[in-house]
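> coords below, sequence missing:
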């Protein structure tokens, strides 16, 4: 049952990214998108696997410079690691960079979070001036489009926080 | 060991229409000898020149990409060797200026200096060819062969440390990226 739900979410996510016109998913795996690689293998999107999340920002910037439409998909822990690349590349160079971030530690309904990966995520995004949307357990997949389009309209990183799959796991 | 500027002049003499992404110290030196429209200098964001170059090489297999990295910068993003080796772009040459110090911050020694080689690391990570050069005459003689060797290639250039302090600014990067992007868009085949 859980596997079916995971697969369904990943399929919806990949379908939405294809619909947006994304070309590449630059990514390090996370539990929140654990079914993603399997689904990506069946899609027209090209996976670019990285060793560390800061690389993903640089690679996405290069893909953009070469005329592609990449997205970055990482966990919140890795997003924090990528901070200097977001600060030093994506923001000052005005690169449209949709960021799909697995929201480790998320608790629905305003319940207090205990995982600092979750606690610090939204304050960090606010501090860096990065607009974000939450795809929670109700899974409003339309926000995948919203984040993508807004990144391209504003030439900035825009984050979509993925909490849906984690909730099916807990 | 070579003087950095002399070594880069040799590279510039052999450069055709490659996009050149130079980082940190090498960026400042490269800008002193080149004003090519496909120069993409990267100041700041230490270590990410090779990632930017990889993305560009993947996006445009029809163009050639040179990354001119620093040794401290490469150590700052060492996983990039595995990422590049894994994806194996056949249009990427990764130069590393090896002077053994963090030149931008005043010449402090790099961790592990002398205990490993970048060529060994790159070879183990899957680069198709690796090369090391420590003399200018050698570079002048061997560069054409290195540029036609299997890629991705890593070319380690042993250069002398300098006491000169380097300042960096993202302003030149912000100007260059849209220019390079526009030129590449016009050249889509």
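That came through, no problem. Bear in mind that the values here come from a model prediction, so they are computed numbers and not experimental data. Numbering: from 1, shown residues only, chains lettered A, B, ... in the order given.

> who touches the most centrally placed residue in chain A in this structure?
Nearest to the geometric centre of chain A sits residue A:100, at 0.9 Å (Cα atoms, centre = their mean). The contact partners of residue A:100, by Cβ atoms under 8 Å, 6 or more residues apart in numbering or on different chains, come to A:13, A:33, A:71, A:72, A:73, A:74, A:144, A:147, A:159, A:160, A:162. Quick note: C-beta positions are derived from backbone N, CA and C, even for glycine.

> please enumerate the helices of chain B.
Per DSSP state H, chain B carries helices over the ranges B:4-14, B:24-33, B:49-59, B:71-75, B:79-87, B:118-125, B:136-147, B:171-186.

> which helices and strands does the helix or strand of chain B with the lowest mean pLDDT pack with?
Lowest mean confidence among the helices and strands of chain B (mean pLDDT, DSSP states H and E): helix B:24-33, at a mean of 84. Secondary-structure packing of helix B:24-33 (3 or more Cβ pairs under 8 Å, 6 or more residues apart in numbering or on different chains; DSSP states H and E): helix B:4-14, strand B:19-22, strand B:65-70, strand B:92-98.

> who's in contact with the second one?
To tie it back to what came earlier, the one meant is strand B:19-22. Residues from elsewhere that reach strand B:19-22, judged by Cβ under 8 Å, 6+ apart: B:29-31, B:34, B:36, B:38-42, B:49, B:52-53, B:56, B:63-68, B:180, B:184.

> show me the shaky parts of the chain.
Since you didn't name a chain, this refers to chain A. Scanning chain A for pLDDT under 70 picks out the ranges A:1-7, A:165-170.

> think we crossed wires, I meant chain B
In chain B (pLDDT under 70), the answer is B:163-170, B:189.

> get me the contact residues on it for chain A.
Applying Cβ under 8 Å from any Cβ of the partner chain, we find that chain B lies next to chain A at B:40, B:44-60, B:63, B:77, B:79-80, B:82-83, B:86-87, B:170, B:173-174, B:177, B:180-181, B:184-185, B:188.

> sitting in helices, which of the contacts of residue A:100 do you find?
A:13, A:144, A:147.

> reformat the residues you listed as TSV; add neighbour count and distance to chain B.
Below are those laid out as TSV (neighbours: other Cβ atoms under 10 Å in any protein chain shown; distance: Cβ to the nearest Cβ, whole Å):
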residue	neighbour count	distance to chain B
A:13	26	22
A:144	25	22
A:147	26	20
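
> perfect, that will be all.
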